[in-house]
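Engineer: Sequence and predicted structure are below.
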Amino acid sequence: MATTTTKPQTPARPLRVIVAKAGLDGHDRGAKVIARALRDAGMEVIYTGLFQTPEQIVQTAIQEDADGIGLSILSGAHMTLFPLVVEQLKLQGVGDIVFFGGGTIPNDDAAELKRLGVREIFTPGAPLSNIITFVERECGKRRELEG
Amino acid sequence: MIERASGLGPDATPEYRELIERWEAKAERTPPRRDKGSGAVDRTISDVPLKTLYGPDDVAHIDLTRDLGVPGEFPYTRGIHPTMYRSRLWTMRQFAGFGNAKQTNERYHFLLSQGQAGLSVAFDMPTLMGYDSDSPKALGEVGKCGVAIDSVRDMETLFDGIDLGEITTSMTINGPAAIALAQYIVTAENKGIPRAKLGGTLQADILKEYIAQKEWIFPPRPHVRIIIDMMEFCTREMPRWNTISVSGYHIREAGSTAAQELAFTLADGFAYVEGAIARGMNVDDFAPRLSFFFNSHSDFFEEIAKFRAARRIYARRMRDQYGAKDPRSWQLRFHTQTAGCSATAQQPENNIVRVAFEAMAAVLGGTQSLHTNSMDEVLALPTEKSVEIALRTQQVLAYETGVTSVADPLGGSYFVEALTDEIERQALEYFDRIAEFGGMVQAVEAGFPQREIADASYRYQRSIESGDRVIVGVNAFEKPDEVQSPDLLKIGVEIERGQARSVQDVRAGRDAAAVEASLAALKRVCQSDANVMPALIECVRAVATEGEIVDAMVEVFGRYTEQTQF
């Protein structure tokens, strides 16, 4: 697992985000680009590496005290693995962690995943700036609620 | 910025000199474009700097005999066949596989009936990673990215009604490549076709798995040993089989530049050559059956230059460094696939156009076979309709555009020759850096190519983000109210359940003692220096499943885990 430190922040602790790959999917280009982009935007990013189970991903988020989890799936297994992460978040009592994702995911599948509790799905071509804005806004809201 | 672009060769006449100076003056006065996307006009998609105009002095250093030659002659810059596509078109080979073996078999029969000349198998993720369909690791992945093949029984269904003695088959599999080969051999054997008659290609390029595609099983060194075992076995017993397709495709898809794709792919290829020579094989006994697999991305001329540079570098190195004497050992033969990463989910019909240009670059670069991507592959596996359009694109290219009439039609272009040289130069520079690690296996273990690619991919993404580069439909000419076609191929959970049941039935219906004995024998061979292929064939004959075979081998070799970096 690779943890990176970021440039010095304002007094508030920087947002912490897990970027995760699940299942047997080795396509990690997108995940790595997103991880770098979030880091360059001032967040602390923990990239899980490949082949994680939903349990492992949620465990990592808890251990790292993360504000958000971004899951990348390009193998077609999204309708199985995203719901399993949602389930784990609830089971472990951390349903407030901002869970979002991306990959080769058709629109109707994305709509279904959002209905199941995934906060946002980004598909190929989504501007990095949109992803950064989303993560800052949603994770920021969670922080405020946390106090 | 306008540089002295067009070239004043040493032999320029006063008239030509005057012309050039006039052009330069005009170019200087002409304001450049400032619109979105113009930020990157002075470089290729891989950031190779470009001039506005190329001329004689850009190619003045090229020696016609030494550097270009003619098609069919060393160093093969202009192609490996004397008359190129006049003697033989490239093989139109569409990669296909999804769901279970029966569904994929139906798609194969369709493709063959539409004029496709060879088959190309796409396996699903569990098969590629060495897990059976009922493994917990396979959850949600069965049949999604390709076809699920658990045992020789599935392989038999996959090729039902297809004459394996006639057809050539390409199998895109790496970690368990030796097992897939054993399954193919036994499938043919059961139909009475001897292995010596089988024609086809295995990808079996494990080094690029660590670099880019990430479908590995064992650590690099035992994996490379198994590949050399296969090379040795095929050299001895399967004269029509191409053992390795050294692949840059996935390196490019992972975000590399063109020069990185070229350099890392050739370096992987040379690592296998060196491994086989170290095993005591004669280079001319195996090299004629090595082949390569490249990406054709959207920068038209850069891709053509890359293909031409690939042939030249390879020919020189095979002859001069590895002492190959057979001209066939000097010829870099390659398959090309259009760039999946250039396709967009937005306005997917535009991908048809991208694919056509990329396919044309591959043909102008002298490819031996070609897969054209389908427009909807960025969203899901392709539908039959979109696969048909992709195949028709190749047919239009071959029969209507006229590009097949002349061998290496861009040879001698100031620009293409200069760019070919530049890509070659960058690749050779990478060879030096790889040598500092002690070779490609060591460079891969140190994560060097992985880092270079991740850096390049981030730079590229940034150039789109900044608007320096335009991707039509993505950061320009968007259609915000676009509705996605519901006509996508989806693989349901019933496939996974059915396949899991089917592998369990296979396990229940065989001679368990024979399976155990074959797996035990395999482990002993893995612990020794002996070639693993005969033992693998025995396991497959006993109907051991892929997962069982892999587990046995993992006991000896271990499973690889990556040092993660981003």
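Structural biologist: Alright, I've got the coordinates.

Engineer: contacts, neighbours, all on C-alpha from now
Structural biologist: Noted.

Engineer: who touches whichever residue of the stretch 201-350 of chain B sits closest to chain A in this structure?
Structural biologist: At 4.9 Å from chain A, B:Lys214 is the closest residue in the stretch 201-350 of chain B, using CA to the nearest CA. Residues counted as contacts of B:Lys214 (CA atoms under 8 Å, 6 or more residues apart in numbering or on different chains) are A:26-27, B:208.

Engineer: What segments of chain A are helices?
Structural biologist: For chain A, applying DSSP state H gives helices covering A:29-40, A:54-63, A:78-91, A:107-116, A:128-146.

Engineer: quick check: mean pLDDT across the third one?
Structural biologist: Here the mean pLDDT over helix A:78-91 is 97, rounded to a whole number.

Engineer: shaky segments in the chain?
Structural biologist: Let's take chain A. A:1-11, A:147 (pLDDT under 70).

Engineer: That was the other one, I meant chain B.
Structural biologist: B:1-11, B:486.

Engineer: Within range of chain A, give me the residues from it.
Structural biologist: For chain B, the residues in contact with chain A (CA under 8 Å from any CA of the partner chain) are B:125-126, B:129, B:137-141, B:144-145, B:213-215, B:254-255, B:344-346, B:378-380, B:454, B:457-458, B:461, B:465, B:474-475, B:484, B:562-566.

Engineer: Of those residues, select the buried ones using a ChimeraX command.
Structural biologist: Remark: buried members of these, expressed as a ChimeraX selection using 16 or more other CA atoms under 10 Å in any protein chain shown:
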select /B:125,126,129,137,138,139,140,141,144,145,213,214,215,254,255,344,345,346,378,379,380,454,457,458,461,465,474,475,565,566
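
Engineer: Show only the entries of the residues of chain B next to chain A found in helices.
Structural biologist: B:125-126, B:129, B:454, B:457-458, B:461, B:465.

Engineer: Tabulate those residues (JSON lines), appending distance to B:Ser151.
Structural biologist: What follows is those, written out as JSON lines (distance: CA to CA, whole Å):
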{"residue": "B:Met125", "distance to B:Ser151": "15"}
{"residue": "B:Pro126", "distance to B:Ser151": "13"}
{"residue": "B:Met129", "distance to B:Ser151": "14"}
{"residue": "B:Ala454", "distance to B:Ser151": "36"}
{"residue": "B:Ser457", "distance to B:Ser151": "38"}
{"residue": "B:Tyr458", "distance to B:Ser151": "40"}
{"residue": "B:Gln461", "distance to B:Ser151": "41"}
{"residue": "B:Glu465", "distance to B:Ser151": "46"}
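
Engineer: How much space separates the closest residue to B:Leu379 other than its chain neighbours from B:Gly411?
Structural biologist: Setting aside the residues directly before and after it, B:Leu379 is nearest to A:Thr104 in space (CA to CA, 6 or more residues apart in numbering or on different chains), at 5.2 Å. Separation of A:Thr104 from B:Gly411 (CA to CA, to the nearest Å): 39 Å.

Engineer: more crowded one of those two?
Structural biologist: A:Thr104 (22 against 19; other CA atoms under 10 Å in any protein chain shown).

Engineer: from what I can see that one touches A:Met79, true?
Structural biologist: No - counting by CA atoms under 8 Å, A:Thr104 sits too far from A:Met79 to count as a contact (11.4 Å).

Engineer: packing partners for the helix or strand that contains B:Met360?
Structural biologist: Under the criterion of DSSP states H and E, B:Met360 resides in helix B:350-364. Applying 3 or more CA pairs under 8 Å, 6 or more residues apart in numbering or on different chains; DSSP states H and E, one finds that helix B:350-364 contacts strand B:290-296, helix B:300-320, strand B:334-338, helix B:384-399.

Engineer: Now the shortest one - C-alpha only, PDB.
Structural biologist: Pointing back at strand B:334-338 there. Taking C-alpha atoms only, strand B:334-338 is exported to PDB below (Å, rounded to 0.1, in the frame of the first residue of the first chain):
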ATOM      1  CA  PHE B 334       3.200  -7.800 -35.800                       C
ATOM      2  CA  HIS B 335      -0.400  -7.800 -35.100                       C
ATOM      3  CA  THR B 336      -2.100  -4.400 -34.400                       C
ATOM      4  CA  GLN B 337      -5.200  -3.400 -32.500                       C
ATOM      5  CA  THR B 338      -6.700   0.000 -32.600                       C
END
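
Engineer: hmm, who's touching it?
Structural biologist: Against strand B:334-338 from outside (CA under 8 Å, 6+ apart): B:249, B:291-297, B:355, B:358-359, B:362, B:367-373.

Engineer: and that strand, how far from the chain's centre?
Structural biologist: How far strand B:334-338 lies from its chain's middle: 6 Å, per CA atoms, centre = their mean, to the nearest Å.

Engineer: Can you list the strands that it pairs with?
Structural biologist: When sheet partners are counted by DSSP bridges, strand B:334-338 sits next to strand B:290-296 (parallel), strand B:369-371 (parallel).

Engineer: What segments of chain B are strands?
Structural biologist: Using DSSP state E, the strands of chain B run over B:91-92, B:95-96, B:119-122, B:168-172, B:199-202, B:241-242, B:244-247, B:290-296, B:334-338, B:369-371.

Engineer: can you pull the buried residues of the fourth one?
Structural biologist: Same thing as strand B:168-172. Here strand B:168-172 shows B:168-172 as buried, counting by 16+ other CA under 10 Å.

Engineer: Could you name the helices and strands sitting against that strand?
Structural biologist: Using 3+ CA pairs under 8 Å, 6+ apart, strand B:168-172 sits against strand B:119-122, strand B:199-202.

Engineer: will you turn the ones you listed into a markdown table that also has distance to B:Ile491 and mean neighbour count?
Structural biologist: A markdown table is the format used below for the helices and strands packed on strand B:168-172 (distance: least, CA to CA, whole Å; neighbours: other CA atoms under 10 Å in any protein chain shown):
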| stretch | distance to B:Ile491 | mean neighbour count |
| --- | --- | --- |
| strand B:119-122 | 14 | 22 |
| strand B:199-202 | 26 | 21 |
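
Engineer: would you list those strands in TSV and tack on distance to B:Ala500?
Structural biologist: Formatted as TSV, the helices and strands packed on strand B:168-172 follow (distance: least, CA to CA, whole Å):
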stretch	distance to B:Ala500
strand B:119-122	19
strand B:199-202	26
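
Engineer: A:Val94: which of those is closest?
Structural biologist: strand B:119-122 (38.8 Å; CA to CA).

Engineer: List the pairing partners of the closest one within its sheet, with orientation.
Structural biologist: Strand B:119-122 has these strand partners (DSSP bridges): strand B:95-96 (parallel), strand B:168-172 (parallel).
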